[in-house]
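**Student:** pasting the structure only:
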Ligand code: PEP
Ligand code: MG
């Protein structure tokens, strides 16, 4: 039995499927016989050739879209991918040690990393980042061809068992392609509750556990596993007794989920009739369709960076416009709040030239990037404004820290609109703009922010990590980075009060919106717009229907008197039990 962080609630019993990666734990894999050597070398060479072609086309497109300086990074990638040392080392390992191409690539990468680690110069550190990028690209071409389709007779799957992905880390670009596979559980070595794997898992209602160091070394594809996403417990090769006990809980979990989906057409109202908007957080069109299915009232947060992370190069204005239109068409009520690019932190694209910052979450991320790269931002604004003609679209700016920043982006919106007008390009005149309140400085100075914005949306995932100074993806500090903290509720109260005074619409779109215990407090503090992973909407709707406004206000009032997270947790656990014991299965500890 292993204990990690429960990042997406629910229980699953199933078979493991390892996601191999050159960045995972080092494990040698050899070919079955020497006769496979020539084919393996050819496979590797093909992956290199395809990567080289891809990189060449990036150089062209990035130069066109962003300028030649930004394309420089891909020129250096082009050099690395055709570097004879890299290629001959991999060939040698396949030939002499009969390693698989993936395993050889991994060895070579570790070799480079060890070599560069001895050199204490920024130039070489950056060079290593480029090498990793290139190796990752070659790897994706290699595995694209070989990976056994999960759930279709792969070694990990006997046809009827649920599949549990076990990975070192799930990168943002992988997270999206995994989105189409029939996965029933996710377990990762890295990552906390707001990592990509966690967000992906929650948006699909899949139980998941992160922060399980060394689990890759303990699990083989095909092993039976139990994943309990509530308390972060994972059992590898469980005995018969545990398996049948957990299968029973798993059935209850799924039955309850199915029953709850039946509430999709009911209004979101509290037991005493207070109306609430339950909106969806989406990353792509499939999520928009999922939101439609569970009866979301609209999309409260569309994270556009996934479009960039999964696109083979930079999406241009036309491509973005088309994509936003399609998302709009697939969205409930055809109303969406599109967040402008929130790259940086752990979500990087090479063309932004963000290189090896020692502290990326505190660094050059999100809207901050556009003060130097306004072109990328303006292209996105043009695409969103144009799509705004076809439905109810609002624009949301992430990571706004100061009033100066807000004025800068508001100005760009104004200029972009007047450019479109001058060019005779039709756009949505009534598109509203809003600020994500996710940096404590913006929350503290909320009065000033509210004077210059149409609405706000609270990004509690980041607000919490910056308020408690604990990295949201670091399992070692996960106990600090959680919503049931007195400082969070106190700060949120002042923000809600400022919004009430000024009549500014406010939504909360961080993960706590879809978690039963924090939800009770937020509702009690007067919040009426919540945006969450679609999978949580049925649960929260059911919870809302079982609580009265007066009850929730009492809970919130009491919570604000408490001074430790522990007291808040146990108080709310008891209240949740009173209000709706059946929904406890959807809460994480
Ligand atoms: C947040 O920070 O709460 C948020 C919703 O945005 P993200 O998780 O994408 O940073
Ligand atoms: Mg955020």
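**Tutor:** Structure's in. What do you need? Computed from a predicted model, the values in this text were never measured in an experiment. Ligands and ions are numbered 1, 2, ... in the order given.
**Student:** is the closest residue to residue 398 other than its chain neighbours in a helix, a strand, or coil?
**Tutor:** Excluding the flanking residues, the one nearest residue 398 by CB to CB, 6 or more residues apart in numbering is residue 342, at 4.2 Å. C-betas here are computed from N, CA, C, even on glycine. Look at residue 342: counting by DSSP: H, G, I helix; E, B strand; the rest coil, its state is coil.
**Student:** next: residue 436.
**Tutor:** strand.
**Student:** so what's the residue nearest to residue 398 up against?
**Tutor:** Applying CB atoms under 8 Å, 6 or more residues apart in numbering, we find residue 342 in contact with 303, 304, 305, 365, 366, 367, 398, 399.
**Student:** nearest to ligand 1 among these?
**Tutor:** Here the nearest of these to ligand 1, counting by CB to the nearest ligand atom, is residue 303; it sits at 5.2 Å.
**Student:** show me what contacts the closest one?
**Tutor:** 281, 282, 283, 339, 342.
**Student:** how about residue 45?
**Tutor:** Listed by CB under 8 Å, 6+ apart, the contact set of residue 45 reads residue 87.
**Student:** just checking, it is part of a helix?
**Tutor:** Yes - Residue 45: assigned to a helix according to three-state DSSP.
**Student:** tell me the pLDDT at it?
**Tutor:** You'll see residue 45 listed with a pLDDT of 95.
**Student:** what's the end-to-end length of stretch 264-284?
**Tutor:** The first and last residues of stretch 264-284 sit 21 Å apart, counting by CA to CA, to the nearest Å.
**Student:** is ligand 2 within reach of that stretch?
**Tutor:** No - shown here: stretch 264-284 not in contact with ligand 2 (CB under 5 Å from the ion), separated by at least 10.8 Å.
**Student:** mind listing what's buried in that stretch?
**Tutor:** Neighbour counts over stretch 264-284 (16 or more other CB atoms under 10 Å) mark 268, 270, 274, 276, 278, 279, 280, 281, 282, 283, 284 as buried.
**Student:** what's across from the fifth one in the sheet?
**Tutor:** In this case it means residue 278. In this entry, residue 278 is beta-bridged to residue 530, by DSSP bridges.
**Student:** what does the stretch of helix or strand residue 378 belongs to rub up against?
**Tutor:** Using DSSP states H and E, residue 378 sits in helix 374-387. With CB under 8 Å, 6+ apart as the test, helix 374-387 has contacts from 65-67, 304, 314, 316-318, 320-321, 324-325, 328, 338, 340-341, 352, 367, 369-370, 393, 395, 409, 412-413, 416-417, 419-420, 425-428, 431.
**Student:** filter the residues you listed down to the buried ones, ChimeraX style.
**Tutor:** In ChimeraX, a selection of the buried entries from the contacts of helix 374-387 looks like this (16+ other CB under 10 Å):
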select :65,66,304,314,320,321,324,325,328,338,340,341,352,367,369,370,393,395,409,412,413,416,417,420,427,428,431
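**Student:** take the contacts of helix 374-387 and keep only those in strands.
**Tutor:** Mapping the contacts of helix 374-387 onto strands (DSSP state E) picks out 338, 393, 395.
**Student:** dump these to TSV, plus distance to residue 332.
**Tutor:** As requested, those are exported to TSV (distance: CB to CB, whole Å):
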residue	distance to residue 332
338	15
393	14
395	19
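**Student:** wait, which of those residues is closest to ligand 1?
**Tutor:** Closest approach between the ones in strands among the contacts of helix 374-387 and ligand 1, by CB to the nearest ligand atom: residue 338, at 12.9 Å.
**Student:** follow-up on the earlier one: what's the closest of the contacts of residue 303 to ligand 1?
**Tutor:** residue 342 (5.6 Å).
**Student:** quick check: that closest one vs ligand 2, distance?
**Tutor:** Counting by CB to the ion, to the nearest Å, the gap from residue 342 to ligand 2 is 6 Å.
**Student:** quick one: residue 113 is in a helix?
**Tutor:** Yes - assessed with three-state DSSP, residue 113 lies in a helix.
**Student:** just give the closest residue to it, not the sequence neighbours.
**Tutor:** residue 128 (6.3 Å).
**Student:** that neighbour touches residue 111, doesn't it?
**Tutor:** No - using CB atoms under 8 Å as the test, residue 128 is too far from residue 111 to be in contact (11.5 Å).
**Student:** give me the more crowded residue out of the two.
**Tutor:** The neighbour comparison of residue 128 against residue 111 (other CB atoms under 10 Å) goes to residue 128, with 17 against 12.
**Student:** quick one: contacts for that one?
**Tutor:** Residues in contact with residue 128, defined by CB under 8 Å, 6+ apart, are 112, 113, 116.
**Student:** number of nearby residues for residue 525?
**Tutor:** Residue 525 has 22 nearby residues by other CB under 10 Å.
**Student:** same deal with the one 10 residues further on?
**Tutor:** Applying other CB under 10 Å, we find 25 other residues in the vicinity of residue 535.
**Student:** ok, it - contacts?
**Tutor:** Residue 535 touches 202, 203, 204, 205, 290, 294, counting by CB under 8 Å, 6+ apart.
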